[in-house]
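Q: the following block contains a protein sequence and its predicted model.
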Amino acid sequence: RSLRRALPSPAAIMTESQEPKEVDLYRDTPVRLLGYANEVGEAFRYQLPGWVLPSYGVSIAYVLADTHDKYSKDSSANKWMTAVDTMVWQGLASVAIPGFTIHTIVKSTKAILPKASGAWARTWLPTAAGLGAIPFIVEPIDELVTLVMDKVSPARKAQED
């Protein structure tokens with residue numbers, strides 16, 4: 001679920017019994033990186049403002065594709081709960097919280113730069129701060145969303161029973 005885990009080694013795909021584990025296209029391959037498109041869009045907000053909204057479109061399409069994938073693979077009577085759980089988790093962990101976080105970092109960085117710092121610095125330093133923050137926010141956000149979802153999600157509570 002995190003950027004670090006997006007590209008597993010072949011050994012990581014093996015379970016303890018050395019049987020191949022099914023690779024989740026949306027969570028275990030580079031396709032996972034599509035979920036972070038909006039963070040990149042937010043980071044480049046001052047250079048490419050027309051690309052911010054489309055970057056959210058890419059991330060939301062990723063969320064919907066993963067939701068459809070989990071729904072279509074679930075053969076239980078609770079497949080709708082699985083789909084809703086996936087959509088909420090991905091929506092929070094891949095779109096809403098990271099997008100808000102990077103937007104805030106970029107905007108705050110621009111705000112604290114003195115006007116005398118020049119147009120280049122006021123344009124590119126916020127972008128660098130936003131891009132630089134992405135690898136550090138992914139895993140903590142994923143873990144926080146998982147922790148909260150484990151407490152409140154009916155689908156996850158049903159799995160425990």
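A: Looks like it came in fine.
Q: which helix runs longest in the protein?
A: In the chain, taking DSSP state H as the definition, the longest helix is helix 119-152.
Q: so where's this structure uncertain?
A: Along the chain, segments meeting pLDDT under 70 span 1-18, 155-161.
Q: now the strands for it?
A: Assigned by DSSP state E, the chain shows no strands.
Q: for the residue lying closest to residue 127 once chain neighbours are set aside, list the residues it contacts.
A: Distances taken as CB to CB, 6 or more residues apart in numbering place residue 43 nearest to residue 127, at 5.2 Å, with adjacent residues excluded. Any C-beta I mention is one placed from the backbone N, CA and C, and that applies to glycine too. Listed by CB atoms under 8 Å, 6 or more residues apart in numbering, the contact set of residue 43 reads 102, 106, 126-127, 130-131, 134.
Q: export those residues as JSON lines, with columns for distance to residue 59 and neighbour count.
A: Converted to JSON lines, the contacts of residue 43 look like this (distance: CB to CB, whole Å; neighbours: other CB atoms under 10 Å):
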{"residue": "102", "distance to residue 59": "12", "neighbour count": "24"}
{"residue": "106", "distance to residue 59": "16", "neighbour count": "24"}
{"residue": "126", "distance to residue 59": "20", "neighbour count": "24"}
{"residue": "127", "distance to residue 59": "18", "neighbour count": "20"}
{"residue": "130", "distance to residue 59": "15", "neighbour count": "26"}
{"residue": "131", "distance to residue 59": "16", "neighbour count": "17"}
{"residue": "134", "distance to residue 59": "13", "neighbour count": "18"}
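Q: check whether residue 105 really touches residue 134, as I assumed.
A: No - counting by CB atoms under 8 Å, residue 105 does not reach residue 134; the two are 9.5 Å apart.
Q: list the contacts for the closest residue to residue 107 other than its chain neighbours?
A: Closest residue to residue 107 apart from its sequence neighbours, by CB to CB, 6+ apart: residue 126 at 7.3 Å. Residue 126 makes contacts with 43, 46, 105-107, 109-110, 113, as judged by CB under 8 Å, 6+ apart.
Q: what's the separation between the residue lying closest to residue 101 once chain neighbours are set aside and residue 97?
A: Using CB to CB, 6+ apart and skipping residues adjacent in sequence, the residue nearest residue 101 is residue 137, 5.4 Å away. According to CB to CB, to the nearest Å, residue 137 and residue 97 sit 8 Å apart.
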